[in-house]
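>>> sequence? don't have it. structure:
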C-alpha cells in the first residue's frame, strides 16, 4: 500500500466507521481523555486503512451492536475493534506493520536467506506478535523438511530430471511465498519492491 492508498484508506475508515458510529451516538470510552480518544481514532484509521468499504460497514455494524461502557453507549477500546476487524477482513501480508517490521529486521532477512521465511510468515500472521527466540528455533525445526525437500527438487532440476506435477506445484508455491517475503522486507525497509 503506497502513501496515497494509505491516505485514502484512512479517510474511508474515518467516514464509514468513526463518523458513522458517532452519528449513531457512540461516545468516547469513559476511561480515555479527549486527547487519548483522538489518538485512538487516528491509530484505528491508520491500522484499518487496508479494509474495503463493505468490510468497514460490516465492522461498523458489529461495533454498533456491541458498544462499550456501562450504558452501552461508548466506543469499545481499540483492541476489541482491531480484533473484530481482523476477523471480518484480515490484513494482507503487505498491510501489516508487524509483518513488514519482522521481515525488514535481521530476523526476517535471516529467515529468507536460510529458507524458513514461509514458516515465519505463517507464524507472525497467526500469532500477531514478534517471535521470541524459542519460537524461531521451533520454526527453523519445522522448516527443516521443506527446505531439504526444496533443495532435493532443485538438485533434480539442475540435473535435467522431470518432476511430477504435484512436486512442480509445491516448489512454485514455496518459492512464491519466499518471493512474497522478500517483497514484504523491501516494503518494511521503505524500498519499492
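Structure received. Predicted model only: the values in this text are computed from it and were never measured. Numbers count the residues shown, from 1 in each chain.
>>> Without its sequence neighbours, what residue ends up closest to the most centrally placed residue in the chain?
Centroid-nearest residue in the chain, with C-alpha atoms, centre = their mean: residue 96, separated by 3.5 Å. Spatial nearest neighbour of residue 96, chain neighbours left out: residue 125 (7.5 Å); criterion: C-beta to C-beta, 6 or more residues apart in numbering. All C-beta atoms are positioned from the backbone trio N, CA, C, and that covers glycine.
>>> just residue 142 next, same as before
residue 119 (5.3 Å).
>>> Can you tell me the element that neighbour falls in?
Under the criterion of DSSP states H and E, residue 119 resides in helix 117-127.
>>> how about that helix: buried residues?
By neighbour count on 16 or more other C-beta atoms under 10 Å, the buried set for helix 117-127 is 117-121, 123-124.
>>> I'd like to know which of those is nearest to residue 66.
residue 124 (27.8 Å; C-beta to C-beta).
>>> Now do the contacts for the closest one.
Counting by C-beta atoms under 8 Å, 6 or more residues apart in numbering, residue 124 touches 96, 98-99, 102, 130-131.
>>> One more: residue 11?
Per C-beta under 8 Å, 6+ apart, neighbours of residue 11: residue 45.
>>> now it: how far from residue 45?
Per C-beta to C-beta, to the nearest Å, residue 11 is found 8 Å from residue 45.
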